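Q: only geometry, no sequence info:
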């Protein structure tokens, strides 16, 4: 195990950049995980683990040969961790190849349209994984999947559930080629009760927290659905809406 005591060490600089910069993450092809839980998930699901950084008292699971293992004092950990209260373990993983496929062969997918809160994107990915969705598609400037806050909110689903980014037209072509109807969580003249829809093969679109589905994605929806709720409530948080619809879809499997 290496020991690093300087905050200006190149590895420390690299970790801070991974936490702070989308462009740097994409250029390096790596992302940062900031908890023992995420390290365990990376090991369990065979994530592309490159580096593990820990403090002296942090317990570690067995680390595979070839993974760089570094120990740092508490003050250095505090300077490199994106968390306000570091948990004593950071890990660096390589980003998987997420080239958009020619066809989606699964049964159920989630489409996120401009969902910009990292916690919501991560929570939705975690929920999609829990309810057996086959993947998530991000359109219209969603929060970066590999933002540390997003990764943390996935609770390990980032290593299990495929995620792709694409434009609306690419999405339309992909869904058409896959024979998947798109259901949007939105109000329109054709909106139906979410409990009456056949979710056996479909994609479910969730819009941003403030604006809902964009006009162009709403136009791509073959059907819109409404979650019944109290008349005095306007809407649900994006992650909650996704959870309700995914549970409704899963319970009818």
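A: Ah, there it is. Note that the coordinates shown come from a computational prediction; the quantities given were computed from them, not determined experimentally.
Q: Could you report the neighbour count for residue 227?
A: Neighbourhood size, residue 227 [other Cβ atoms under 10 Å]: 16. In short, each C-beta sits where N, CA and C put it, glycine included.
Q: show me where the protein has helices.
A: 10-20, 22-28, 36-44, 74-80, 118-130, 148-154, 168-178, 215-220, 238-251 (DSSP state H).
Q: Could you dump these into a markdown table and include mean neighbour count and mean pLDDT?
A: Below are the helices of the chain laid out as a markdown table (neighbours: other Cβ atoms under 10 Å; pLDDT from 0 to 100):
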| stretch | mean neighbour count | mean pLDDT |
| --- | --- | --- |
| helix 10-20 | 17 | 97 |
| helix 22-28 | 14 | 96 |
| helix 36-44 | 19 | 96 |
| helix 74-80 | 17 | 96 |
| helix 118-130 | 23 | 97 |
| helix 148-154 | 23 | 97 |
| helix 168-178 | 16 | 97 |
| helix 215-220 | 16 | 94 |
| helix 238-251 | 20 | 94 |
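Q: closest one to residue 63 among those?
A: With Cβ to Cβ, the closest approach to residue 63 among the helices of the chain belongs to helix 36-44: 8.0 Å.
Q: hmm, who's touching that closest one?
A: Residues from elsewhere that reach helix 36-44 (Cβ atoms under 8 Å, 6 or more residues apart in numbering): 33, 47, 49, 52, 58-61, 63-64, 87-89, 91, 93, 151-152, 155-156, 159.
Q: residue contacts, the residue sitting nearest the centre point of the chain?
A: Centroid check for the chain by Cα atoms, centre = their mean gives residue 122 as the closest residue, at 4.1 Å. Neighbouring residues of residue 122 by Cβ under 8 Å, 6+ apart: 149-155, 157-158.
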